[in-house]
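Enquirer: give me a 3D structure for the following:
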Amino acid sequence: MATIEHIKFSMRHRKVIKYLFYNGATTLRDLSYLLEITYPTTSKLIEELQQEEFVQIHSESRSSGGRRAAQYQLNSDAGYIMCVDAGRLNTKLAIMNLNREIISRRHFRSRVFNHDDGFLQLVIDNVEDMKTEIGIPEHKYLGMGVGIPGFVNTDLGKSYSFLNYYDKPIREVLEEAFGLPVVISNDVNLMAHAEHHFGSAKDHRDALIINLGWGIGLGLVLNNSVYMGADGFAGEFGHIQVKHDGDHCHCGKYGCLETVASGEAIAKEAIRRLEAGEQSLLNSEYGDDRKQITARKIVRAAQRGDEFSINLLHESGEAIGKTLAMVLQILNPKIIILGGKHSQSGKFLTNSIKQSLLRHTNPMIGSDIIIQNSILGEESNFLGAAGLVVEKIICSNVSNKSFVLNSSTRT
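Expert: Numbers count the residues shown, from 1 in each chain. So this is what the prediction gives:
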């Protein structure tokens, strides 16, 4: 096959790529209908993308008339996306192909601060290890998607809560470090993006996605798109004040929902009560070192019938539900999706959230609300990061009008 120096995609090519990324293998006829492109034009676009080895035949499906209709999908080896999920205490990395398959991943302890404290070097070292391990040529990496907690402006590529590198946008820092185009977003917005396209929110025009982890975040799907607000700061649900004389929050205020109902808050409250003399299975396991108690360990104790732990989770759900009720009264969604480590509390949490919602919302709004755990689990932020790379870097007609894939000889 001839050497290809540059592959340039028109907006119609990108439209096809974007659809196939989100929806997988599709026939020409369905693709033509769904994208509102004529059949001959669709056929020509697919043929051109096949010639550049960006699209391939997936399989054949039998049509109603008994004839076989070829299905087309993105070539998994055409390009790869780096995904970074940077948490306050842990960072997860993944390399994903264009068929949304994770081919390599890493998970390491880290802390994100206002300025670099070794975080960037940890990411660089782990990414280099992954790249060496899988041996993919450099030119096949198409971009990097990064999720960061706190206030993040995707358009400016800047984080205002963590990793601001003395006011230098983190996007620029990462692009210089990796030589790739980078898109960043708030971590829960990545989760919302994934739930909207691949998860339980896919069939709903409006949905709330709650990230229950070290903190508490809210992603909004409104009118079939992820809503991020004027500056990208929508969804700071965990910093609604719920207790006027409450604990000091890392945001600088007091009594935020995160100080009452997050995974970190539950663990702190458990330690406080145990030290005051309350009884629990946790005493026998962690009595010598209560600092080992985490929300996950409290969930495990609750699953074994520990009343102390069950009550803690119930109180957390009560506070979350009461605060959610305010959002429901305004937005009236039909589904709430719970994600993050703390969501593994199961019915201990979901039942108390729903009971609290019913008490604090109008019956016309709260009675038929669906509350369920994410079916995507820990993959959601990776899927969201990859989706933003496809939209903002590969298929954008604004930020990347002449997307070019550098390539070498293909055989």
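Enquirer: okay but V173 is in contact with Q121, surely?
Expert: No - applying C-beta atoms under 8 Å as the test, V173 and Q121 come out as separate, 11.6 Å apart. Every C-beta, even on glycine, is put in place using the N, C-alpha and C of the backbone.
Enquirer: more neighbours: which of the two?
Expert: V173 (17 against 11; other C-beta atoms under 10 Å).
Enquirer: quick one: L208 is in a helix?
Expert: No - read with DSSP: H, G, I helix; E, B strand; the rest coil, L208 is strand and lies in no helix.
Enquirer: grab the nearest non-local neighbour of it.
Expert: Excluding its sequence neighbours, the residue lying closest to L208 (C-beta to C-beta, 6 or more residues apart in numbering) is I336, at 4.7 Å.
Enquirer: which parts of the helix or strand hosting L218 are buried?
Expert: In this structure, L218 sits in strand 216-222 according to DSSP states H and E. Within strand 216-222, the residues scored as buried using 16 or more other C-beta atoms under 10 Å are I216, G217, L218, G219, L220, V221.
Enquirer: ok, the first one - contacts?
Expert: Under the criterion of C-beta atoms under 8 Å, 6 or more residues apart in numbering, the neighbours of I216 are I210, F237, G238, L257, E258, A261, S262, I320.
Enquirer: now do the fourth one against M326, distance only.
Expert: Pointing back at L257 there. With distances taken as C-beta to C-beta, to the nearest Å, L257 is found 11 Å from M326.
Enquirer: pick out whichever of the two has more residues nearby.
Expert: L257 (27 against 13).
Enquirer: can I assume H197 sits in a helix?
Expert: Yes - counting by three-state DSSP, H197 falls inside a helix.
Enquirer: show me what the helix or strand harbouring S380 is packed up against.
Expert: S380 belongs to helix 380-389 when assigned by DSSP H and E. Applying 3 or more C-beta pairs under 8 Å, 6 or more residues apart in numbering; DSSP states H and E, one finds that helix 380-389 contacts helix 11-23, strand 80-86, strand 90-97, strand 141-148, strand 182-186, helix 187-198.
Enquirer: can you list contacts of that helix?
Expert: With C-beta under 8 Å, 6+ apart as the test, helix 380-389 has contacts from 21-22, 81, 83-85, 92, 94, 96, 100, 102, 142-147, 154, 181, 183, 185, 187, 189-195, 197-199, 339, 374, 376.
Enquirer: I'd say L20 and T26 touch.
Expert: Yes - contact criterion C-beta under 8 Å: L20 and T26 qualify, at 6.5 Å.
Enquirer: can you pull the residues that touch both of the two?
Expert: Joint contacts of L20 and T26 (C-beta under 8 Å, 6+ apart) are Y72, Q73.
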